[in-house]
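In: model the structure of this input:
(6 chains, ligands or ions: 3)
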Amino acid sequence: MKLITAIIKPFKLDDVREALADVGVQGMTVSETRGFGRQKGHTELYRGAEYVVDFLPKIKLEIAVPDDQVERVIETLAETARSGRIGDGKIFVTALERVVRIRTGEVNESAL
Amino acid sequence: MKLITAIIKPFKLDDVREALADVGVQGMTVSETRGFGRQKGHTELYRGAEYVVDFLPKIKLEIAVPDDQVERVIETLAETARSGRIGDGKIFVTALERVVRIRTGEVNESAL
Amino acid sequence: MKLITAIIKPFKLDDVREALADVGVQGMTVSETRGFGRQKGHTELYRGAEYVVDFLPKIKLEIAVPDDQVERVIETLAETARSGRIGDGKIFVTALERVVRIRTGEVNESAL
Amino acid sequence: MTEIEYALNTFYLLVCAALVMWMAAGFTMLEAGLVRARNTVEILTKNVALYAIACLMYFLIGYQLMYPGEGVNAFWPGIGFGVSAEHALADVTAEGSEIAFSSLADFMFQVVFVATAMSIVSGAVAERMKLWAFLVFAVVMTGVIYPWQGYWSWGGGLLSDLGYSDYAGGGIVHMAGAAAALAGVLLLGPRAGKYTPDGRPRAIPGANLPLATLGMFILWMGWFGFNGGSELAVAGIGSANAVAKVFVNTNLAAAAGLVAALLLARFLFGKADLTMALNGALAGLVSITAGPSTPDPGLAVLIGAAGGLLVVVSILGLDRIRIDDPVGAISVHGVCGILGLLVVPLSNDEASLVGQLAGIGLIGGFVFVTSLAVWAALKATIGIRVHPDDERAGLDFAECGMEAYPDFAHGGD
Amino acid sequence: MTEIEYALNTFYLLVCAALVMWMAAGFTMLEAGLVRARNTVEILTKNVALYAIACLMYFLIGYQLMYPGEGVNAFWPGIGFGVSAEHALADVTAEGSEIAFSSLADFMFQVVFVATAMSIVSGAVAERMKLWAFLVFAVVMTGVIYPWQGYWSWGGGLLSDLGYSDYAGGGIVHMAGAAAALAGVLLLGPRAGKYTPDGRPRAIPGANLPLATLGMFILWMGWFGFNGGSELAVAGIGSANAVAKVFVNTNLAAAAGLVAALLLARFLFGKADLTMALNGALAGLVSITAGPSTPDPGLAVLIGAAGGLLVVVSILGLDRIRIDDPVGAISVHGVCGILGLLVVPLSNDEASLVGQLAGIGLIGGFVFVTSLAVWAALKATIGIRVHPDDERAGLDFAECGMEAYPDFAHGGD
Amino acid sequence: MTEIEYALNTFYLLVCAALVMWMAAGFTMLEAGLVRARNTVEILTKNVALYAIACLMYFLIGYQLMYPGEGVNAFWPGIGFGVSAEHALADVTAEGSEIAFSSLADFMFQVVFVATAMSIVSGAVAERMKLWAFLVFAVVMTGVIYPWQGYWSWGGGLLSDLGYSDYAGGGIVHMAGAAAALAGVLLLGPRAGKYTPDGRPRAIPGANLPLATLGMFILWMGWFGFNGGSELAVAGIGSANAVAKVFVNTNLAAAAGLVAALLLARFLFGKADLTMALNGALAGLVSITAGPSTPDPGLAVLIGAAGGLLVVVSILGLDRIRIDDPVGAISVHGVCGILGLLVVPLSNDEASLVGQLAGIGLIGGFVFVTSLAVWAALKATIGIRVHPDDERAGLDFAECGMEAYPDFAHGGD
Ligand SMILES: Nc1ncnc2c1ncn2[C@@H]1O[C@H](COP(=O)(O)OP(=O)(O)O)[C@@H](O)[C@H]1O
Ligand SMILES: Nc1ncnc2c1ncn2[C@@H]1O[C@H](COP(=O)(O)OP(=O)(O)O)[C@@H](O)[C@H]1O
Ligand SMILES: Nc1ncnc2c1ncn2[C@@H]1O[C@H](COP(=O)(O)OP(=O)(O)O)[C@@H](O)[C@H]1O
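Out: Ligands and ions are numbered 1, 2, ... in the order given. Have a look, this model is predicted:
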């Protein structure tokens, strides 16, 4: 099992969620976050004093998937989250050693 | 060392935290997040137009633990976070390669 | 590639970000979070009833780095985030199996 | 009465009525600030709806019930509808006429008082009561319970002759509202999580203290209309002086209540408790309401300060005996309402302690018992408490289908 | 007129003017509550600026355009500047003088009306219009369009003789504002994401419902000045009684509108929709504005309730035909403004249905067409719609360079 | 004076007093909107407490200090307590009597002015001063410093004879408040993080701009009472006309200040800076306050616009020289207060530039020096600045033990 973490642009969330559901993803966890990267922020003035908005709003998706779904999920994510403009985000994949479904105590693939 | 990530229902947080403290967990990091899964959201109307509240509020706990505590922590989590109703959440376990305590520079188990 | 997750005190964010940029980190993802640990919270009274503020505000940084940067990033983080007072936070390192840059589809080191 | 006196009095009553109407916004903001974010839409809806219901019901039957002219007997006023006929020029200017203002201006001033009484209830039952049950109660309270007891004093009923003195409604409006609230809270029980298993009160901080503070200021401002308008005339030197004194005393009592509560809370808790200061100001206002025209300003300061101290003690005390009142309405309006009635004889010879006690007993008892009956009937039929799941998740989705602050991440569960 | 009558009337007009000025804050809070957090600074800026512009433009040319004394002809008033000369003591107190109040008090009362009309536009075009294009429109609307049509009725122009009756401006102010808004919305199009690809409306919840509720209360309070001041005199028994009646009817119509909208929404949606209740109250207020002094209070209740029902239906209907009005301004002020004009003849013999229809057609048509022309000119030159990226990210950074709630994490994108 | 004139004047003063009291809410909201979320409860507490303290101290000794009737000498008024005796009917209606209103109404109107002066201080020292130190200062300022210098002009002291003209307190109230604030800010230093190591100002955005905007509207509305009431009479044609003119000029000056500041900020920063627009409106209001009854409306527009331009320049300038004033109070009330005093002679023959300069020097100097002494004494004893850790974490937990918005995640550290 893998944990796929994707940082995407907020306005892509709905599309991504629907596309993921279409390829069989049944659950995910979503957080608001701020990103810093090649996409530059903007400098603003507040009462004449400068401030830089350099952390831009992003959405983080965490999706635990069985090994055989990994490719499909990554592909779907990359396609639907892509706007082609800088700042589209990243996908990170890490190994998941164990998963437990709290409600039932089921573990690993059957817990997903 | 493992990083145990648990997605739980918000109202379980206090119970879980106390139970974890009881089994010797000395630290954890908590975030507000939203979950999408088998537990369905609800459809609401705002001024006559529909909208779906499909991301439900969840709490994410991140707990770094030494290997010998892993079982106990998972068990405690699973027990205290369980309400038996759909949406109770998941526990994910990943391998931690290194831990540093910033204040002292201690590493690994002694940093926990 | 490694995913370095650092929990730091919020007021250190600007210093840390600048120091990381200086050692060549080009991107990171930042979230607001709350920490529980050796640093104790404080007990307050609201209209005469007690409540404990035991989850203290922290910032979580997630930084994906190529293997050869790991040491430098950890060191920089540990140094600049250190105030020497309890609650300075932790650094966690996990293995990253894959990285994708959504915009271009590049993978792994070239996606960072 | 000359035409111009009549006109000035009428205009004065209307300005005061607008200020009292504004108090509805004050209660709304105060309560919206002191509940959790997840129960905010519900409390907003409750407050706007109760104001509207109060206006309609009091128009429909309440006003004639309270001011029947000639009541059936000292206890029961009889039934009537709508408003009274307007005064004709000839009647007003007739030799010896005592008609001092438009009858519709009088209605306007009275109707906002019943809304105030009802607003008091709203805060105390917040975060757990069913919206529609509350609104049904509002219909009965503003149409029948409030005007019925109002008839006894202001309408010429049985309290008029007992030496009961209540200038602007410290008992008739505030204590009455608190009595209805207390009855509701007793049947409703405390909010889930308000008490630890071993019975110690837990803090449930309000979500938006700037709003609560704004609410306090609105109420303070509106109270100038509430008390200042209760002189019911301004167009002569005597009445103008009286209104000015009422303004001064109202302002000073509020200030003293605020400072007293702030200092006592500082002493008890070691910090400056804003919410207690807000309650202190309101306590000072309630305490002076039963008699703002007779005390010297110095005495008004003392009365206000007493209210400010009492309200802190009362809030802590009620909390301890598991009467869960999220905004402190019962302490502010009930306990300090009684205090205010009891101190009237200090400066007003026409009031007697016996008369004040009679008023407290009769009004408080009547409103409490009838309210309890209505709440009990509602509990037995449509229910008064929301489902525990809805209470935990917040009433806003369950009752109103929307959130107060949807753009902000927040800790609801 | 005696000196004291003149003085009381003047003071009354000034108090009412202050209340109407306060409505600007009401619109601001209402709109700031009903847009998303990311567009809040822009709507705040728009509202404070439009109020200021309205005051300056109406002072500069609007007031003399609307009240030229002697107009050039029934359609075109001619150009003039500034305010009128103040009245001298001798003129006021001269035998048979009908000078009832200070001419600057009159200006003060009139100037806040034009601001109200302009505020109506602001909400309808929210979350997508360029700030500076809007402000340019405000210059033309408050300097020319509003006063020009205002001349036709209140200024003595062509509508004065057609039996058109509009006591406080249900048509002249509210419908006119809505007509300008509609023209803007049609050229502007709906907000990005407001409709699904297959044309179904999507919900875009407002970010701060306590603010929206506060806005409604402020408007309600201010409306006492808006309608109550429109009697333009209070210093006699007849006028004092009239003002009192206007207060009572205004209050009851709002209450009835609120309850009617709340119940209808409950029936349609199964829940208590706070935003519809707020719109219902405002609908009740608008509906009674064209004639608050003639109906009996019972009829005022019915008119208000009709407004409350109509506004819900209208909001749903406009939403369906892709007229995207984030705050419901067109329904509240336009549709209910028309309703209010049409029901005037029910209680006012001096009004005729024909006259009312003439007024609706002339005012509505004129304001709509001239506004459309101005909007179109702006669209062709500086543009009226922000860049799609800015709309998605929120107008606040793009137009104002700052956030409304920078300390709070929120879901902008 | 006839009875009815006395009554109308009294009522007018009371209405204006209620409006000025309302300004306390305006300052509170403005400041609560312009500080960071973590310092909000503290600033709310400070504001409600200072209003209450001002009322109590001015009642206790301030009023008799400022209006001793007969002062000890032109500089020192002597000590007195409480309020003056109320006027008897016979005295008022006596031949040639100039008693125009209730003495308690006068007290009521005066007491809200001292609260305004004190509110000005609050914003400038926000986000770093100890709450209790501030409140101790408030006791001295409202009990002694303000009334003492007030005696010199309004109370009949030394400025009365120097041709110093200050209709509603542009110097006595606003500049005085700003002088006290400046003294505090100089001893206190800027907020942590306000300047980069190399001295460039950093932006510290306010947490809640809708609240700040609401505060501005409240202040604008309240200013009708502040300036409009300062005529101290309305019950004649002359005074009614004067009050109407004051209303019109106050409104136009605010509008012009807003637009001027908005345009200048647009020119300087390239965007529409809401906070500068808000400050611009307040700057316009302050600038007209010293003389709102004499300029023609056109001149009032120019004065307001000058204030709006000046305030932007002043805020930028003070920021640069490390005078850190989070809400711009010193610029708005101090710098524009001086501007307003200097332009009085343009339209008022009874004022002289020399007299105005004397007033600026004496009032400004006296308040600055005495305030500096009190602040210094506080600094040497209980301290005036919170601990750096508390400043970083926010004053709310440290001083008040609670958060303003506990339900919302926010970026405090
Ligand atoms: N090395 C990294 N570690 C963690 N997150 C990163 C990293 N680089 C980028 N990100 C995240 O991805 C987002 C997009 O990255 P950016 O470099 O701006 O654009 P792009 O992905 O199109 O090259 C950033 O805002 C940040 O949230
Ligand atoms: N595959 C997944 N990856 C990441 N998070 C998940 C996944 N599935 C579920 N979750 C998280 O767990 C929560 C509960 O899951 P859900 O399917 O609703 O109920 P249950 O765990 O009881 O089966 C979700 O709200 C989501 O936050
Ligand atoms: N075992 C843990 N797992 C996850 N996060 C932890 C753990 N221990 C501490 N933390 C995080 O690190 C922060 C600082 O830890 P704390 O024990 O208070 O101080 P220190 O790191 O100085 O010893 C905590 O607030 C929490 O966010």
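
In: show the pLDDT at residue D:306.
Out: We note a pLDDT of 98 for residue D:306 in this prediction.

In: test my guess that it contacts residue D:339.
Out: Yes. Counting by CB atoms under 8 Å, residue D:306 sits close enough to residue D:339 to count as a contact (6.4 Å). (C-beta placed from N, C-alpha, C; glycine too.)

In: neighbours around residue A:104, how many?
Out: Neighbour count of residue A:104, defined by other CB atoms under 10 Å in any protein chain shown: 14.

In: what does residue D:93 give?
Out: Residue D:93 is surrounded by 16 other residues when neighbours are defined as other CB under 10 Å.

In: kindly report the same for the one 5 residues further on.
Out: A count of neighbours around residue D:98, defined by other CB under 10 Å, yields 7.

In: is it true that it lies in a helix?
Out: No. Counting by DSSP: H, G, I helix; E, B strand; the rest coil, residue D:98 is not found in a helix; it is coil.

In: what's the pLDDT at it?
Out: At residue D:98 the predicted local confidence, pLDDT, stands at 91.

In: ditto for the one 3 residues further on
Out: Confidence at residue D:101, expressed as pLDDT, is 97.

In: contact partners for it?
Out: With contact taken as CB atoms under 8 Å, 6 or more residues apart in numbering or on different chains, residue D:101 is in contact with D:6, D:9, D:10, D:12, D:13, D:232, D:233, E:240.

In: look up how far chain C lies from the second one.
Out: Using CB to the nearest CB, to the nearest Å, one gets 42 Å for the distance from residue D:9 to chain C.

In: now do the third one
Out: When distance is defined by CB to the nearest CB, residue D:10 is 43 Å away from chain C.

In: tell me the helix or strand right after the helix or strand harbouring that residue.
Out: Taking DSSP states H and E as the definition, residue D:10 sits inside helix D:3-34. Elements were assigned by DSSP H and E; along the chain past helix D:3-34, the next helix or strand is helix D:40-57.

In: helices and strands around the lengthiest helix in chain A, which ones?
Out: Counting residues, the longest helix found in chain A (DSSP state H) is helix A:70-81. With contacts defined as 3 or more CB pairs under 8 Å, 6 or more residues apart in numbering or on different chains; DSSP states H and E, helix A:70-81 has these neighbours: strand A:2-8, helix A:13-22, strand A:56-65, strand A:90-95, strand C:98-101.

In: quick one: the second one near chain B?
Out: The one in question is helix A:13-22. Yes. For a cut-off given as CB under 8 Å from any CB of the partner chain, helix A:13-22 has contacts with chain B, namely residue A:17.

In: relative to strand A:2-8, how tilted is that helix?
Out: The directions of helix A:13-22 and strand A:2-8 differ by 150 degrees, with axes from the mean of the first three to the mean of the last three CA atoms, to 10 degrees as the criterion.

In: for the residue of the stretch 151-300 of chain D found nearest ligand 3, helix, strand, or coil?
Out: Relative to ligand 3, the nearest point of the stretch 151-300 of chain D is residue D:205 (21.4 Å; CB to the nearest ligand atom). Recorded secondary structure, residue D:205: coil (three-state DSSP).

In: burial measure for it, as a count.
Out: Under the criterion other CB under 10 Å, the count of neighbours that residue D:205 has is 20.

In: same check on residue D:298?
Out: In terms of burial, residue D:298 registers 15 neighbours under the definition other CB under 10 Å.

In: can you check the pLDDT for it?
Out: pLDDT recorded at residue D:298 is 98.

In: quick check: residue D:403 touching residue E:205?
Out: Yes. Contact status for residue D:403 versus residue E:205: in contact at 6.9 Å, counting by CB under 8 Å.

In: check contacts around the closest residue to ligand 2 within chain A.
Out: With CB to the nearest ligand atom as the measure, the residue in chain A that lies nearest ligand 2 is residue A:27; the distance is 2.0 Å. When the contact criterion is CB under 8 Å, 6+ apart, the partners of residue A:27 are A:63, A:64, A:112, B:35, B:36, B:37, B:38, B:90.

In: report the separation between it and residue D:340.
Out: From residue A:27 over to residue D:340 the distance is 59 Å, taken as CB to CB, to the nearest Å.

In: do residue D:1 as well
Out: Separation of residue D:1 from residue D:340 (CB to CB) stands at 31 Å.

In: which of the two has more residues huddled nearby?
Out: Neighbours per residue (other CB under 10 Å) separate residue D:1 from residue D:340, with residue D:340 holding more: 34 against 22.

In: could you report the pLDDT at the more buried one?
Out: At residue D:340 the predicted local distance difference test score is 98.

In: got the buried residues for the strand or helix carrying it?
Out: Under the assignment given by DSSP H and E, the secondary-structure element containing residue D:340 is helix D:336-347. Buried residues in helix D:336-347, defined by neighbour count with 16 or more other CB atoms under 10 Å in any protein chain shown: D:336, D:337, D:338, D:339, D:340, D:341, D:342, D:343, D:344, D:345, D:347.

In: secondary structure element holding residue A:34?
Out: Applying DSSP H and E, one finds residue A:34 within strand A:28-36.

In: using CSV, write down the CA coordinates of that strand.
Out: Presented in CSV, the C-alpha positions along strand A:28-36 are these (Å, rounded to 0.1, in the frame of the first residue of the first chain):
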residue,chain,number,x,y,z
MET,A,28,-9.3,10.6,1.0
THR,A,29,-8.3,13.3,3.4
VAL,A,30,-8.0,16.9,2.5
SER,A,31,-6.3,19.8,4.2
GLU,A,32,-5.8,23.5,3.5
THR,A,33,-2.2,24.4,3.3
ARG,A,34,0.1,27.0,1.8
GLY,A,35,2.8,26.4,-0.7
PHE,A,36,6.1,28.0,-1.5
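
In: angle of it against helix A:13-22?
Out: With the same axes, to 10 degrees as the criterion, the two stretches strand A:28-36 and helix A:13-22 enclose an angle of 140 degrees.
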